[in-house]
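> any chance you can model this:
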Amino acid sequence: MRRIRLLTVLLAVLTLLTAGSQAGAGASAAAGQKKGVSAWNFDGVTGAMADAGVGWFYTWASGKERIEPPAGVEFVPMIWGAGSVTDTELDRARSEGTTLLGFNEPDLAGQADMSVER
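Modelled structure (predicted):
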């Protein structure tokens with residue numbers, strides 16, 4: 001459990017460092033690219049993302065779940081748990097994004113519930 005949390009923190013730091021070092025972005029644009037949110041399809045979701053100035057979002061799934069993001073907002077697919085590691089889900093994730101989130105809270109029984117070894 002502790003290793004997974006450490007790995008998650010390290011990946012988040014690396015992601016922030018990489019995003020911050022991308023050339024050609026101003027300070028406010030870089031900040032917007034770093035800000036991500038979890039989202040679900042509700043009336044006004046597109047406007048809410050625009051108002052919050054997010055650069056990316058995820059849905060706990062490999063697809064956008066019918067969300068139309070504002071222009072310039074990237075969708076980041078997620079493979080939620082071991083049951084989501086299928087050719088169909090991986091192909092969908094590959095077609096909808098360039099970055100992949102993996103395994104939602106693997107240390108919790110009610111979530112992905114996966115051991116470090118798995």
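> lowest-pLDDT helix or strand in this protein?
None of the helices or strands of the chain scores lower by mean pLDDT, DSSP states H and E than helix 2-20, at a mean of 43.
> got the buried residues for stretch 36-46?
Gly36, Ala39, Val45, Thr46 (16 or more other CB atoms under 10 Å). C-beta: built from backbone N, CA, C; applies to glycine.
> just send those back as a markdown table, with distance to Asn104 too.
Formatted as a markdown table, these follow (distance: CB to CB, whole Å):
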| residue | distance to Asn104 |
| --- | --- |
| Gly36 | 14 |
| Ala39 | 14 |
| Val45 | 20 |
| Thr46 | 24 |
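> go through these and name the one nearest Glu96.
Using CB to CB, Ala39 is the member of the buried residues of stretch 36-46 that sits closest to Glu96, with 13.7 Å.
> what sits against that closest one?
Ala39 sits next to Val45, Met49, Phe57, Tyr58, Thr59, Ile67 when contact means CB atoms under 8 Å, 6 or more residues apart in numbering.
> those in helices, which ones?
Val45, Met49 (DSSP state H).
> same list (the contacts of Ala39) but as JSON lines, adding distance to Val85 and pLDDT.
Output for the contacts of Ala39, formatted as JSON lines (distance: CB to CB, whole Å; pLDDT from 0 to 100):
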{"residue": "Val45", "distance to Val85": "27", "pLDDT": "96"}
{"residue": "Met49", "distance to Val85": "28", "pLDDT": "96"}
{"residue": "Phe57", "distance to Val85": "22", "pLDDT": "97"}
{"residue": "Tyr58", "distance to Val85": "17", "pLDDT": "95"}
{"residue": "Thr59", "distance to Val85": "17", "pLDDT": "95"}
{"residue": "Ile67", "distance to Val85": "23", "pLDDT": "97"}
